[in-house]
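J.: I need the structure of the sequence given here:
(one chain, ligands or ions: 1)
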Amino acid sequence: MSKNIVLIGFMGSGKSMIADALSIRLKRECVSTDRLIEARDSRSISDIFKEKGEAHFRILEHEVIKQVAQRREIIIDCGGGVVINNENLKLLKTNGIVFYLQASLEVVFERIRREDHRPLLKGPDPLGTLRTLYQQRLPLYDQADHIIDANDASIEGPIAEILKRI
Ligand code: S3P
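T.: As a prediction, the model looks like this:
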């Protein structure tokens with residue numbers, strides 16, 4: 001299977017943990033689009049949002065997607081908003097199988113509410129913001145090749161499911 005394994009899904013759906021675990025099990029390199037953006041811009045995602053705004057972040061994200069989508073046999077851990085630009089998913093599908101890690105709004109909120117590195121949730125009503133983004137993005141995530149249930153706290157179920165489908 002020379003195709004890339006591409007993980008998409010909402011913040012807190014477990015993409016990074018599952019990507020790292022798959023990387024070890026399959027002995028494949030794992031790349032995180034967020035980490036590549038941070039390396040390119042020499043600052044954290046939070047600082048990019050704060051200093052340059054979301055639009056600039058989305059441009060950097062698209063540049064990174066163009067690059068990683070050309071690679072093969074890697075695992076790609078995508079930032080939650082990668083689906084906003086529908087070119088991104090098209091590019092990722094050329095060499096990859098896209099898995100949407102589906103977790104409910106309640107589950108993701110519970111997982112991320114104590115974290116403070118997510119710039120989109122820094123406002124006065126994080127749950128309201130999360131709900132709006134969640135509803136906007138559902139139909140976009142649904143364009144994945146496979147939908148994987150990621151509601152359980154354990155990552156073993158999603159990993160087994162992904163391994164079965166590649
Ligand atoms: C974002 C999700 C983040 C990161 C940025 C924007 C989003 O990645 O790319 O904060 O728009 O949902 P994670 O999904 O890994 O938290």
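
J.: for the ligand, what are the nearby residues on this protein?
T.: 11, 15, 34, 45, 79-81, 118-120 (Cβ under 6 Å from any ligand atom). Every residue, glycine included, has its C-beta placed from N, CA and C.

J.: Recalculate using a threshold of 8 Å.
T.: Contact residues (Cβ under 8 Å from any ligand atom) of the chain with the ligand: 9-13, 15-16, 32-34, 37, 45-46, 49, 54, 57, 61, 77-82, 84, 112, 117-120, 133, 137.

J.: Buried among those? Need that as a selection in PyMOL.
T.: Selection of buried members from the residues of the chain next to the ligand for PyMOL, criterion 16 or more other Cβ atoms under 10 Å:
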select buried, resi 9+10+11+12+13+15+32+33+34+37+45+49+57+61+77+78+79+80+81+82+84+112+118+119+120+133+137
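
J.: so of the residues of the chain next to the ligand, which ones are in strands?
T.: Using DSSP state E, the subset of the residues of the chain next to the ligand located in strands is 32, 77.

J.: for the closest residue to Ala150 other than its chain neighbours, what are its contacts?
T.: In this structure, Ala150 finds its nearest non-sequential neighbour in Leu101, 3.9 Å apart by Cβ to Cβ, 6 or more residues apart in numbering. Contact analysis of Leu101 by Cβ atoms under 8 Å, 6 or more residues apart in numbering lists 7-9, 13-15, 18, 148, 150, 158.

J.: and these as a markdown table, adding pLDDT?
T.: Listed next are the contacts of Leu101 as a markdown table, based on pLDDT from 0 to 100:
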| residue | pLDDT |
| --- | --- |
| Leu7 | 98 |
| Ile8 | 98 |
| Gly9 | 98 |
| Ser13 | 97 |
| Gly14 | 97 |
| Lys15 | 98 |
| Ile18 | 98 |
| Ile148 | 98 |
| Ala150 | 98 |
| Pro158 | 98 |
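
J.: Now the two most distant members of the residues you listed.
T.: Maximum pairwise distance among these (Cβ to Cβ): 12.7 Å, between Ile8 and Pro158.

J.: Which of the residues of the chain next to the ligand fall in helices?
T.: 15-16, 33-34, 37, 45-46, 49, 54, 57, 61, 112, 133, 137 (DSSP state H).

J.: still on that earlier bit, and the buried ones among the contacts of Leu101, selectable in PyMOL?
T.: To isolate the buried ones among these in PyMOL, judged by 16+ other Cβ under 10 Å, type:
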select buried, resi 7+8+9+13+14+15+18+148+150+158
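
J.: what would the contacts of Leu101 look like in TSV with distance to Gly96?
T.: Converted to TSV, the contacts of Leu101 look like this (distance: Cβ to Cβ, whole Å):
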residue	distance to Gly96
Leu7	10
Ile8	10
Gly9	15
Ser13	18
Gly14	19
Lys15	14
Ile18	15
Ile148	15
Ala150	18
Pro158	17
